[in-house]
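[1] Okay, predicted coordinates and the sequence, questions at the end:
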Amino acid sequence: MPGAYTTLDLDTDHTPALVAPAGGVPAGGFTGPRPHPVDLVVDGRPLLRLLDEAEGIDAVPPLASDLPPVLRVEHLRRLLDPVPASADGRQVIYSCPDCDDPGCGAVTAVVEREGGAHDSGEGHSGEGEGDGDVVVWRDFAWQTGPTVDPVRDGYPGVGPYRFHGATYRSVLLRLLGSSACRSVA
């Protein structure tokens, strides 16, 4: 029997911020705090905070540093795509604030879709697309290379999260269309 649904929303008063795609960093880099902080909120709690509080993970320093991982425009677009970016279904949720190099580390999760019709991949209007579908984020991990060891690098107790497909798309599209996204992209 499927688990309960998880709420998904935005928190604009938290640490992560959207940053421009690779190569889009301003000349000289960022000299101050990232503009327009934003984070994803699951069941009323900022996701980055849930990851930071996970027991047994040795990746806390990157999440608690002065330059915490960020939500990137290109990763948000991939999260909307019904076709997984990798064979194992793992997607980047947060990445290095200064580059998109996997060697710097990224918070990843397996993203799956269950039931309902899915978008054809030709644009993501978020309207009328598979109202009965569900998006699941599970097996969160700190990844620093092409593969990840969920036992060693996983975030115990974080997820799985089951989102209503329409709500999921609405929140991610709202984030992509926000002034935070446009101001740095």
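    Nice, thanks for sending it over. Numbering: from 1, shown residues only.

[2] Quick one: the helices in this protein, in order.
    Per DSSP state H, the chain carries helices over the ranges 47-52, 60-64, 73-80, 150-153, 165-176, 179-184.

[3] most tightly surrounded among the ones you listed?
    helix 47-52 (a mean of 21; mean count of other Cβ atoms under 10 Å). In this view, the C-beta of every residue, glycine as well, is placed from N, C-alpha and C.

[4] what about that helix, average pLDDT?
    Average pLDDT, helix 47-52: 87.

[5] Now do it: which elements does it pack against?
    strand 39-42, helix 60-64, strand 90-95 (3 or more Cβ pairs under 8 Å, 6 or more residues apart in numbering; DSSP states H and E).

[6] Format the CA atom coordinates belonging to the shortest one as PDB.
    Backbone C-alpha positions of strand 39-42 (Å, rounded to 0.1, in the frame of the first residue of the first chain) are rendered in PDB as follows:
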ATOM      1  CA  ASP A  39      14.700  26.200  -0.300                       C
ATOM      2  CA  LEU A  40      12.300  23.400  -0.800                       C
ATOM      3  CA  VAL A  41      10.100  22.700   2.100                       C
ATOM      4  CA  VAL A  42       8.800  19.100   2.700                       C
END
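
[7] Strand partners (parallel or antiparallel) of it?
    strand 8-11 (antiparallel), strand 45-46 (antiparallel) (DSSP bridges).
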